[in-house]
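> I would like to see how this sequence folds:
(one chain, ligands or ions: 2)
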Amino acid sequence: MLNLQPHIQLDDSLGIKYALLPGDPARLDRISPFLENAQELKFNREYRSLVGTYKGVKILAMSTGMGGASTGIAVEELHKIGVEAMIRIGSCGSLQPKVKMGDIILVSGAVRDEGTSKTYIDSIFPAVPDTNLLLACLEVAKEKNIPHHTGIARSHDSFYTDDEDAIDAFWSKKGVLGCDMETASLFTIGHLRGVKTASILNNVVDYQGDTFDSIVNYVDGASLSMQGEKNEIIVGLEAFVRLEKGLL
Ligand SMILES: O=P(O)(O)O[C@H]1O[C@H](CO)[C@@H](O)[C@H]1O
Ligand SMILES: O=c1cc[nH]c(=O)[nH]1
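Ligands and ions are numbered 1, 2, ... in the order given. The predicted model follows:
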């Protein structure tokens, strides 16, 4: 049985264990050069996919779109076709002065301030990555001298409420490093389905900077954001190589 999945439009004939999950479908154009024999697969709704190899390991890259709901569908359907480990290759906004543009955050836990994960399990349940996959990412970042931080991110559903500054200030005071929209649902649903997960976030908005201008600059290819993106892709790919070699 091929088990074709309705949204991602992929089936288990792919036989792939590892997936990089950017939010933005356009990020696949910048992941592709890191892979040998990269081949586009499908582009249905927000789910654009390609497959290739990195150091002999077969890797799928698929966009999740924005937010927990579409990420949840991606995790579920990828799990159904046999993907065992998923690393988010995301962007985020900084909540701390020390997290600079282009620094990456290796997320050790996520505040579940979004709706999707709560439809699965009460918010007292933690959103955490697979420990060994996180440690592999950390090892790679250290080895390659990539500017990085390890800690908590806040995943949310809101971009344009009237209270965003106050919300950010609250979580900043609690020591949260940055905010995104997908990590909490990836971690929570991944754990419940027995999928190993990690999340790497490239900071594209300075602490207390202008979120909207900064995101426009990222879309336009601002250099620090692009360097951070390259760094997070390398970290994710090298972590999968370690996993494949049984080093974790
Ligand atoms: O760049 P991606 O990976 O989509 O991640 C971040 O960017 C989007 C918002 O601009 C949200 O999806 C947020 O989580
Ligand atoms: O500030 C930001 C930037 C990217 N993604 C977010 O969720 N927030």
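> can you report phi and psi for residue 241?
Backbone torsions for residue 241, taken as degrees, to the nearest 10, come to phi -60, psi -40.
> separation between the residue of the chain found nearest ligand 2 and residue 99?
Across the chain, the shortest distance to ligand 2 (C-beta to the nearest ligand atom) belongs to residue 93, at 2.2 Å. No exception for glycine: its C-beta is placed from N, CA and C like everyone else's. Distance of residue 93 to residue 99, given as C-beta to C-beta, to the nearest Å: 9 Å.
> before we move on, what about residue 112?
Distance, residue 112 to residue 99, by C-beta to C-beta: 21 Å.
> likewise residue 226?
Distance check for residue 226 against residue 99: by C-beta to C-beta, it reads 17 Å.
> those two: who's more crowded?
Between residue 226 and residue 99, counted using other C-beta atoms under 10 Å, residue 99 has the larger neighbour count: 24 against 16.
> look up the pLDDT of that one for me, please.
On pLDDT, residue 99 comes in at 98.
> is it fair to say residue 8 lies in a helix?
No: Residue 8 is assigned coil when assessed by DSSP: H, G, I helix; E, B strand; the rest coil, not a helix.
> which residues of the chain score low on pLDDT?
Counting by pLDDT under 70, the chain shows low-confidence ranges at 1.
> helices of that one, start to end?
Along the chain, counting by DSSP state H, helices occupy 28-31, 68-80, 131-143, 164-173, 183-193, 211-219, 223-244.
> enumerate the residues of the protein near ligand 2.
91, 92, 93, 179, 180, 181, 205, 211 (C-beta under 6 Å from any ligand atom).
> which strand residues bridge the first one?
Beta-bridge partners recorded for residue 91 (DSSP bridges): residue 202.
> the fifth one too?
Counting by DSSP bridges, residue 180 is bridged to residue 155.
> okay, now it: neighbour count?
If you count neighbours by other C-beta under 10 Å, residue 180 ends up with 27.
> contact partners for it?
The contact partners of residue 180, by C-beta atoms under 8 Å, 6 or more residues apart in numbering, come to 90, 91, 92, 93, 153, 154, 155, 156, 199, 201.
> from ligand 1, how far out is the second one?
So that's residue 91. Between residue 91 and ligand 1 the computed distance is 3 Å (C-beta to the nearest ligand atom, to the nearest Å).
> what does residue 102 give?
For residue 102 relative to ligand 1 (C-beta to the nearest ligand atom), the value is 14 Å.
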